[in-house]
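Peer 1: from the sequence below, what's the structure:
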Amino acid sequence: MDIITMMFIAFSLAMDAFTVSITSGMTTKHLGVNNALKIAVFFGSFQAVMPLIGWLAGLGLRDFVSGVDHWVAFGILSLIGFKMIYESTKIKSSAKEVIPLNIYVLLTLSVATSIDALAVGVSFAFLKISIATPITVIGTVTFLLSFLGASVGNKIRHFFKNKIETAGGLILIGIGIKILVEHLIA
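Peer 2: Numbers count the residues shown, from 1 in each chain. I've put the predicted structure just below:
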């Protein structure tokens, strides 16, 4: 997998964490650099570990799906992409206030925003992609975007959140189509 595709995947996967980081930055009165780093470390770490877990699980399944691996990767990436687009159109209730710097809240948000990365890790195993570079890129991109999102969250309006998730979903669908086309014409 080339570095450009890997970067697109990393940015797409980081969109949920970026969006939650923006919201966390907007709802935290005294954010500061340490708290922005705390948010970024949680999201970046989970976003790097989940594809590794998915990849390890996918290694066990790879032999069973080797003939249709490109279809599985296309399906997984497309489903994740469509889910992101769908979620970007839902009206989110803000009736319940959540304190984003609470350790349990951060753990829950980190897992919730990295589930998609688990599925992408499975597709990496099916496509026989070495996992070290992707998890490094995904974790680093998520860390940086989460830090940025938390830091400038109070300056960015809620209006942009849905557009960011939609863009991430469209990118994942595009990558799924690219993988499918590459395998069909090879």
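Peer 1: work out for me the element the closest residue to V33 other than its chain neighbours sits within.
Peer 2: Nearest in space to V33, with sequence neighbours left out and distances taken as Cβ to Cβ, 6 or more residues apart in numbering, is S151 at 7.8 Å. Glycine gets a C-beta too; all of them are placed from N, C-alpha and C. When secondary structure is defined by DSSP states H and E, S151 falls within helix 132-152.
Peer 1: distance between that helix and the chain's centre?
Peer 2: The chain centroid and the centroid of helix 132-152 are separated by 10 Å under Cα atoms, centre = their mean, to the nearest Å.
Peer 1: hmm, who's touching it?
Peer 2: If you take Cβ atoms under 8 Å, 6 or more residues apart in numbering as the criterion, helix 132-152 is touched by 1, 3, 6-7, 9-11, 13-14, 17-22, 24-25, 28, 31, 33, 35-37, 39-45, 47-49, 51-52, 117, 121, 124.
Peer 1: could you do stretch 58-72 as well?
Peer 2: Looking at what lies outside stretch 58-72 - Cβ under 8 Å, 6+ apart - the contacts are 121-128, 179-180, 182-184.
Peer 1: what subset of these is buried?
Peer 2: Buried residues within the contacts of stretch 58-72, counting neighbours by 16 or more other Cβ atoms under 10 Å: G121, V122, S123, F124, A125, F126, L127, I179, L180.
Peer 1: surely A119 meets I53?
Peer 2: No. Distance between A119 and I53: 10.5 Å, which falls outside the contact criterion (Cβ atoms under 8 Å).
Peer 1: and those two? Which one has more around it.
Peer 2: Per other Cβ atoms under 10 Å, whichever of A119 and I53 has more neighbours is A119, with 22 against 14.
Peer 1: now the more buried one: which helix or strand?
Peer 2: When secondary structure is defined by DSSP H and E, A119 falls within helix 103-126.
Peer 1: report all helices and strands that that helix contacts.
Peer 2: helix 3-27, helix 32-65, helix 69-89, helix 132-152 (3 or more Cβ pairs under 8 Å, 6 or more residues apart in numbering; DSSP states H and E).
Peer 1: redo that, cut-off 7 Å
Peer 2: With contacts defined as 3 or more Cβ pairs under 7 Å, 6 or more residues apart in numbering; DSSP states H and E, helix 103-126 has these neighbours: helix 3-27, helix 32-65, helix 69-89.
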